[in-house]
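Novice: A predicted structure for the sequence below; I have some questions about it.
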Amino acid sequence: MPEQEMNQVPYEFYTQKRWENWLGRARESGFQIKESEEEAGKESAIFVNMVDDVILACLKVTARFDKGMLSKEKSLEILAEIRDIVLSEVEPISEDINLMIDSIQTSLMGVIVAFECYILGDYDEEADIVEIVKSAIEAESSDNLELALDYTAQCGALVLKGKSLPEEVMADLPYGIVAEWLDGIDSISAAMVGSDSYKEFDEEDEEDIV
């Protein structure tokens, strides 16, 4: 397929308007951190959905990359555009909502680097995902966050390739930035199991703005 034809994208995978609409929903939710997990779970669903929506957009990019419909360069360009939208500074809303948005932006950092790593092919398909998680945690404990992020990206690429993050490893993660990044990777895994609609190439659904 000619490169020019390969990179013709008839719609935007993710838009500033889409992100701002999610932020508007978060603002209107009046979310407050609750002691009760049941209450917190119901009210925090908006933030889970925000992350899932970004992941779905990224999955649509990789699905088209895998099909040869997008080049490596174009795929990375689209991911960079998504990164710029969702990781940009958000105007303060309330203390609790600000904390949640900060947390999901940290998770989304893990998400974006995972997709970039997958597109670049900058990972070993035969690598042990458990060992890579351990290496990420060790790097964080040594204050080498750049290396920790690189290991996180490799974990995410392996998940996109079909591997799973072991539950026992995720359950024992020490609190920290790697745990938040890996939470984003775990969300990728859940999204892939939950639906394969991102593999469908119908442009109409991408035009629906939440």
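Specialist: That came through fine.

Novice: which strands and helices sit next to the longest helix anywhere in the chain?
Specialist: With residue count as the measure and DSSP state H as the assignment, the chain has helix 95-120 as its longest helix. Contacts of helix 95-120 with other secondary structure elements, assessed using 3 or more C-beta pairs under 8 Å, 6 or more residues apart in numbering; DSSP states H and E, are made with helix 16-29, helix 45-66, helix 72-86, helix 145-160, helix 177-194. All C-beta atoms are positioned from the backbone trio N, CA, C, and that covers glycine.

Novice: buried residues of that helix, list them for me.
Specialist: With burial defined by 16 or more other C-beta atoms under 10 Å, the residues of helix 95-120 counted as buried are 97, 100-101, 104-119.

Novice: again, but for stretch 131-146
Specialist: 132, 133, 135, 136, 137, 139, 140, 145.

Novice: where's the third one, which helix or strand?
Specialist: Per DSSP states H and E: residue 135 is located in helix 129-141.

Novice: for residue 182, give me its contacts.
Specialist: By C-beta atoms under 8 Å, 6 or more residues apart in numbering, the contact list for residue 182 reads 110, 133, 136, 152, 155, 165, 170, 173.

Novice: let's see 10 Å
Specialist: Each residue near residue 182 by C-beta atoms under 10 Å, 6 or more residues apart in numbering is listed here: 107, 110, 114, 133, 136-137, 151-152, 155-156, 159, 165, 169-170, 173, 176.

Novice: starting at the chain centroid, how far to the helix holding residue 135?
Specialist: 19 Å (C-alpha atoms, centre = their mean, to the nearest Å).

Novice: circling back: nearest to residue 92, of the helices and strands packed on helix 95-120?
Specialist: Distances from residue 92 to each of the helices and strands packed on helix 95-120 were compared using C-beta to C-beta; the shortest belongs to helix 16-29, at 10.4 Å.
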